[in-house]
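**Q** here is the input, now give the coordinates:
(one chain, ligands or ions: 2)
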Amino acid sequence: MKSVPVYLLPVESNSYEVLIGSNLLQRVGQDLRQQIFGNPGNYVVITDEHVQKKWGSALQQALAGLPLHQIVIAAGEQHKTRATKESIEDQMLQSGIGRDSLIIAFGGGVVSDLAGYVAATYQRGLPYITIPTTLLAAADASIGGKTGVNTNMGKNLIGAFYQPRRVYIDIGFWQTLPKLQLQNGMAETIKHAVIKDLPFFRWLEKHAEDFSAGFTNTNLELWKKLACKNVEIKSGIFQLDEREQSGQRERLNFGHTIAHALEKASNYKLLHGLAVGLGMIVEAEISVKLGIARPKDAERLRALVKNYGLPVRIPHQLKVEDIITHTKHDKKSRHGEARYVLLAKLGQVGQIASDQGFVEDAIVRQVILNNQA
Ligand SMILES: NC(=O)c1ccc[n+]([C@@H]2O[C@H](COP(=O)([O-])OP(=O)(O)OC[C@H]3O[C@@H](n4cnc5c(N)ncnc54)[C@H](O)[C@@H]3O)[C@@H](O)[C@H]2O)c1
Ligand SMILES: [Zn+2]
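**A** Ligands and ions are numbered 1, 2, ... in the order given. Here you go, the predicted structure:
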């Protein structure tokens, strides 16, 4: 046997900045003109039809004069597929987009997951930046480098870890978001508070009414603070465990074992954030039943979810046995057993049930039934 060593230089840093504010499209234009990402021959904007309609011309204006190629996909989770990825890639190839190009993901989480995945694999990798336009994407999807697509077998099953070069979070985009989409992002925001930051949780309790007013001249600073907190908390966690290897990143999945099962049981009719709100309530109560969390904390969490207009009762059409079965087929389950991130107290989650000990089906069943409409 012979052994030939392969020596590689250390990987270049994947670190990047997340800029948060208003009117940031101007800043994007400025950064590109100053060539802070090099001097790409082409900028490929990937967006969806809704974002294109509402904000496409603003982006065009901000980037006027730069060599832009625009690819507009159909909106919606059902289009986050390999087929859409292939169609984007074909359009890029036909337009002669080469390795000297930069991708701009302009949209919600569907766009950033897809565009990031195209960036990861197109001609073995192009740099990309993200401009999230939904609260959910700003809070969660656009940072952290998880990219990918769904298949018929489940969500996000094919993908890559691939970090953007910069993220531009402009709260102004949220003004055109339907209320349901804002609530969708609020659930992940509440999750961030619950898992890591009690003062932020209290702050959300205090401002529920201010936020329910949507966007007013007086609450922009609140929205900005909310955006910053989300980024601080999420990045504070995933930068310790970029590829979900040490268990740190898993904390971000609080509420998600049940949420994913509810989404699946509803055939994805239930929006992810709404499912996360319900999932957090159920998983907090499971933690109470296991003697890990205090009932008062679970009650405060339920009240906060409710005050942000999110549902707190599981639709009765969803069958409890289906929900339990789906928890066991989640991407994160091991040896056929569901894994739960358990609540310790508000601002802290930790213990993962399943490796240390299973959560009995009877407990999960009882908590689900208690919370069903
Ligand atoms: N990669 C990650 O770490 C991560 C994390 C969380 C979620 N996700 C993924 O994100 C996706 C969900 O993201 P989403 O909730 O942003 O969904 P989305 O991208 O489908 O956007 C929701 C809807 O809002 C529209 N929209 C977007 N911006 C708008 C605006 N400013 N005004 C009006 N309408 C606008 C979209 O066209 C779409 O119809 C899921 O696929 C989920 O798996 C990924
Ligand atoms: Zn989520």
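**Q** ranges for the strands of the stretch 101-250 of the chain?
**A** Using DSSP state E, counting those that start in this stretch, the strands assigned to the stretch 101-250 of the chain run over residues 101-107, 128-132, 146-151, 154-161, 166-170.
**Q** now those in CSV, with distance to Gly29 and mean neighbour count?
**A** Where C-beta positions appear, they are placed from N, C-alpha and C, glycine not excepted. Shown next, in CSV, are the strands of the stretch 101-250 of the chain (distance: least, C-beta to C-beta, whole Å; neighbours: other C-beta atoms under 10 Å):
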stretch, distance to Gly29, mean neighbour count
strand 101-107, 11, 27
strand 128-132, 11, 28
strand 146-151, 25, 21
strand 154-161, 28, 15
strand 166-170, 11, 23
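**Q** possible to save these as JSON lines with distance to Gln94 and mean pLDDT?
**A** Below are the strands of the stretch 101-250 of the chain laid out as JSON lines (distance: least, C-beta to C-beta, whole Å; pLDDT from 0 to 100):
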{"stretch": "strand 101-107", "distance to Gln94": "14", "mean pLDDT": "98"}
{"stretch": "strand 128-132", "distance to Gln94": "20", "mean pLDDT": "98"}
{"stretch": "strand 146-151", "distance to Gln94": "21", "mean pLDDT": "95"}
{"stretch": "strand 154-161", "distance to Gln94": "23", "mean pLDDT": "92"}
{"stretch": "strand 166-170", "distance to Gln94": "28", "mean pLDDT": "97"}
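**Q** closest one to ligand 1 among those?
**A** strand 146-151 (3.7 Å; C-beta to the nearest ligand atom).
**Q** may I have the closest one as CSV, with CA atoms only?
**A** Output of strand 146-151 as CSV, limited to C-alpha atoms (Å, rounded to 0.1, in the frame of the first residue of the first chain):
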residue,chain,number,x,y,z
LYS,A,146,-28.1,26.5,5.4
THR,A,147,-29.2,26.3,1.8
GLY,A,148,-31.3,23.8,0.0
VAL,A,149,-34.5,22.5,-1.6
ASN,A,150,-37.4,20.2,-0.7
THR,A,151,-38.2,16.8,-2.3
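**Q** for Pro295, which of the strands of the stretch 101-250 of the chain is the nearest?
**A** strand 154-161 (32.3 Å; C-beta to C-beta).
**Q** tell me the contacts of the nearest residue to Gly108 once chain neighbours are set aside?
**A** Closest residue to Gly108 apart from its sequence neighbours, by C-beta to C-beta, 6 or more residues apart in numbering: Thr134 at 3.8 Å. Shown in contact with Thr134 (C-beta atoms under 8 Å, 6 or more residues apart in numbering): Gly107, Gly108, Gly109, Phe173, Trp174, Leu177, Gln181, Asn184, Gly185.
**Q** which of these fall within helices?
**A** Gly109, Gln181, Asn184, Gly185 (DSSP state H).
**Q** most surrounded residue in those residues?
**A** Gly185 (27 neighbours; other C-beta atoms under 10 Å).
**Q** what pLDDT is listed against that one?
**A** Here, the pLDDT recorded for Gly185 equals 96.
**Q** that one contacts Ala141, doesn't it?
**A** No - taking contacts as C-beta atoms under 8 Å, Gly185 lies outside contact range of Ala141: 9.6 Å.
**Q** and the gap between Arg251 and Leu346?
**A** Using C-beta to C-beta, to the nearest Å, Arg251 is found at 14 Å from Leu346.
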